[in-house]
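> No letters, just coordinates:
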């Protein structure tokens, strides 16, 4: 079963609204990390949604909106927020999201506690100090998808209505495809780009210690 990240989008007077799971518990990403349930509890209690930034491509110089709700559920880390109307990059992102050209979510965090599984090389993140959630082109969790919704629908309700259930990939297994469609296909270019991103992330982790993106 594929581990799809779903983002649901609705336009309203308060800005362009997005919502989705920015992290999926127990799912191994392309950097060989898996986030455990409860990993974000302390960070959310300390900062709340208002203290966690909405960025584009993890760039601190590119804030594009604000998160209005961030919480853990049975699936992972659920986020809701709005792109800020009138900000050039946010307006560009709204257009890209509407056209289906941009569809990823990714978290920026500092690892507080983690356990390395030597059997499969997976780092299991037990506690993460979350500081930002980004809209990205290539998320570290493959299969990320975005849905544009009519006005007036809640992101959470639309997630269930339009995308169905979100399956979990067996722990320790890397995804065998990264596509936008419902059937397997050879998407070599996208997979290569995702693996390049994973390599860059590994290098960043080496240089900066425990900082991470997923």
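Received it, and whenever you're ready, just let me know what you need. Fair warning: this is a prediction, and the values are worked out from it, not measured in the lab.

> what ranges do the strands span in this protein?
Ranges of strands in the chain, per DSSP state E, are 6-12, 15-24, 33-35, 53-56, 59-72, 76-83, 104-117, 122-136, 145-149, 211-213.

> Worst mean pLDDT among those?
Lowest mean pLDDT within the strands of the chain: strand 145-149, at a mean of 52.

> What residues sit buried inside stretch 111-124?
111, 114, 122, 123, 124 (16 or more other CB atoms under 10 Å). C-beta: built from backbone N, CA, C; applies to glycine.

> I'd say the fourth one and residue 35 touch.
Going back to what we said before, that points to residue 123. No: Residue 123 is beyond contact range of residue 35, at 9.8 Å (criterion: CB atoms under 8 Å).

> follow-up on the earlier one: let me have the strands of the chain in CSV, extended by distance to residue 41.
Output for those, formatted as CSV (distance: least, CB to CB, whole Å):
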stretch, distance to residue 41
strand 6-12, 23
strand 15-24, 13
strand 33-35, 12
strand 53-56, 19
strand 59-72, 7
strand 76-83, 11
strand 104-117, 11
strand 122-136, 8
strand 145-149, 27
strand 211-213, 17
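
> which one of those strands lies closest to residue 98?
When these are compared by CB to CB, strand 145-149 sits nearest residue 98, at 5.6 Å.

> Return the distance of the nearest residue to residue 87 once chain neighbours are set aside relative to residue 46.
Among residues not flanking residue 87 along the chain, residue 64 sits closest, at 6.3 Å (CB to CB, 6 or more residues apart in numbering). The gap separating residue 64 from residue 46 is 23 Å, by CB to CB, to the nearest Å.

> Ok, residue 128 next?
12 Å.

> Mind checking which of the two has more residues around it?
More neighbours surround residue 128 than the other of residue 128 and residue 46, with 27 against 10 (other CB atoms under 10 Å).

> wait, doesn't the more buried one sit right on residue 77?
No: look at residue 128 against residue 77 with CB under 8 Å: they stay out of range, at 9.3 Å.
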